[in-house]
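> curious how this folds, go ahead:
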Amino acid sequence: MVLTDAALLKGRDPVAECRQAARGGATMIQVRLKDAPPRDVAALTRSLVGALAVPVIVNDRVDVALAAGAAGAHLGQDDLPLDRVRPHVPPPPAFLLGVSVGTPAEADRVRGWRADYWSVGPCFATGTKPDAGPPLGAEGFARLARLAPTGTPVIAIGGIGAANAAAVARAGAAGIAVIGAVWGASDPAGAARALRAAFP
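Alright, predicted model coming up:
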């Protein structure tokens, strides 16, 4: 999963760049525009949905995701509780709902919710999320991943690149979510390809 980041894209066309990331092997795009007005998030989401063959989900905003025809939404611990949202959206796989988990307490809070995946992190130090907690490391990720309900895929996020992707794979990650590893590269397709190769 590749998350959009306006600061790292530095004015580049996000649709063209996400198309490159998908060409390199990204299997999902998350629209993450923290400070943008909802209409801008919706416009970008609609453009990506129309341009990409991979699913597009929206960070935080379930309403925007539904209005823009996205494949789902990702919810943080401070967003609407996933268990309250689930009855009001189409059932999976028509509409996916993922949730962020960073501590055992957060895992306890969401374990009873029917999330389609957990996003656990930060695994390593990251500069793209200032409010991220202390890095878990691969072992910390593994401990939290084991708390997920049976059958729930767990995605690793936070400071992941080609050099450490295999470590989280060995720790039980079903996938990885990245920002800087792709948008900080001059060739997003090549960066995505390297991540896929590093994640067995």
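> out of the helices and strands in the chain, which is least certain?
Sorting the helices and strands of the chain by mean pLDDT, DSSP states H and E puts helix 6-9 at the bottom, at a mean of 92.
> quick check: buried residues in that helix?
Neighbour-count burial for helix 6-9, counted by 16 or more other Cβ atoms under 10 Å, picks out 6, 8. (Each C-beta comes from the backbone N, C-alpha and C, glycine too.)
> how about stretch 74-89?
By neighbour count with 16+ other Cβ under 10 Å, stretch 74-89 contains the buried residues 74, 75, 76, 79, 82, 85, 86, 89.
> what are the ranges of the helices in the chain?
Counting by DSSP state H, the chain has helices at residues 6-9, 14-24, 38-51, 62-67, 82-85, 104-110, 137-145, 165-170, 180-183, 188-198.
> closest to residue 126 out of the ones you listed?
The closest of the helices of the chain to residue 126 is helix 180-183. By Cβ to Cβ, the value is 7.3 Å.
> quick check: residue 77 touching residue 109?
Yes. If you go by Cβ atoms under 8 Å, residue 77 and residue 109 touch, sitting 7.3 Å apart.
> quick one, longest strand in the protein?
The longest strand of the chain (DSSP state E) is strand 96-101.
> packing partners for it?
Packed against strand 96-101 by the contact rule (3 or more Cβ pairs under 8 Å, 6 or more residues apart in numbering; DSSP states H and E) you find strand 72-75, helix 82-85, helix 104-110, strand 117-120.
> if we use 10 Å, what do you get?
Strand 96-101 makes packing contacts with strand 56-59, helix 62-67, strand 72-75, helix 82-85, helix 104-110, strand 117-120, strand 154-157 when contacts are defined by 3 or more Cβ pairs under 10 Å, 6 or more residues apart in numbering; DSSP states H and E.
> would you turn those into JSON lines with distance to residue 145 and mean pLDDT?
Output for the helices and strands packed on strand 96-101, formatted as JSON lines (distance: least, Cβ to Cβ, whole Å; pLDDT from 0 to 100):
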{"stretch": "strand 56-59", "distance to residue 145": "20", "mean pLDDT": "98"}
{"stretch": "helix 62-67", "distance to residue 145": "25", "mean pLDDT": "98"}
{"stretch": "strand 72-75", "distance to residue 145": "17", "mean pLDDT": "98"}
{"stretch": "helix 82-85", "distance to residue 145": "18", "mean pLDDT": "96"}
{"stretch": "helix 104-110", "distance to residue 145": "9", "mean pLDDT": "97"}
{"stretch": "strand 117-120", "distance to residue 145": "6", "mean pLDDT": "98"}
{"stretch": "strand 154-157", "distance to residue 145": "4", "mean pLDDT": "98"}
